[in-house]
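Q: 3D, please:
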Amino acid sequence: MVLEGYLKSKGYLVKQCLNGFDALDYLRNTEVLPDIILLDVMMPGMSGYEVSQKLRAMFPHQTIPVIMLSAKSSEKDVIKGLDSGVHDYMSKPFKAGELIARIKTQLHLMKTWRGDVDTGATSKLLEKVL
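A: This next block holds a predicted model:
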């Protein structure tokens, strides 16, 4: 709930689901997919890992970026999260500013992937780097 208020204060439209079943049901029935999903590992009924795997069966990896948030912070947990199909993993407690930076990064990467960003400028930048 605190996170929802913070994201709204930063201008994000937030749809919160209370468990994995509700989240998957929402995604099946919505007309407009979210730009990004923040997913907790520990939820009632279905873990975030399971939700991520089911999400990836419904939508390709490049369709919706997912950032997993969790109190589980071991290397094993992070790898399990990334292997389940998420784009990024943050351990709780996290810094709000860092979360916003990671959200912005994932949204920018999605725009680039979809071709919404000036690809000519991106190509020129890559040429300079390489």
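Q: what stretches of this structure score poorly on pLDDT?
A: Per-residue confidence for the chain (pLDDT under 70) gives these ranges: 1, 116-130.
Q: could you pull out the strands for it?
A: Under the criterion DSSP state E, the chain carries strands at the ranges 37-40, 66-70, 88-91.
Q: now the helices: where do they sit in the chain?
A: Assigned by DSSP state H, the helices in the chain fall at 2-9, 20-29, 48-58, 75-83, 96-114, 119-129.
Q: returning to what we had before: can I get the strands of the chain in TSV with mean neighbour count and distance to residue 97?
A: In this view, the C-beta of every residue, glycine as well, is placed from N, C-alpha and C. Listed next are the strands of the chain as TSV, based on neighbours: other CB atoms under 10 Å; distance: least, CB to CB, whole Å:
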stretch	mean neighbour count	distance to residue 97
strand 37-40	22	15
strand 66-70	23	14
strand 88-91	19	12
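Q: Serialize those strands to JSON lines and add fields for distance to residue 26.
A: Formatted as JSON lines, these follow (distance: least, CB to CB, whole Å):
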{"stretch": "strand 37-40", "distance to residue 26": "10"}
{"stretch": "strand 66-70", "distance to residue 26": "14"}
{"stretch": "strand 88-91", "distance to residue 26": "21"}
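Q: closest one to residue 19 among the ones you listed?
A: strand 37-40 (9.7 Å; CB to CB).
Q: contacting residues around the closest one?
A: Strand 37-40 is contacted from outside by 3, 23, 48, 51-52, 55, 64-70, 86, 103, using CB atoms under 8 Å, 6 or more residues apart in numbering.
Q: Can you tell me which of those comes closest to residue 93?
A: Set against residue 93, the nearest of the contacts of strand 37-40 by CB to CB is residue 69 (9.9 Å).
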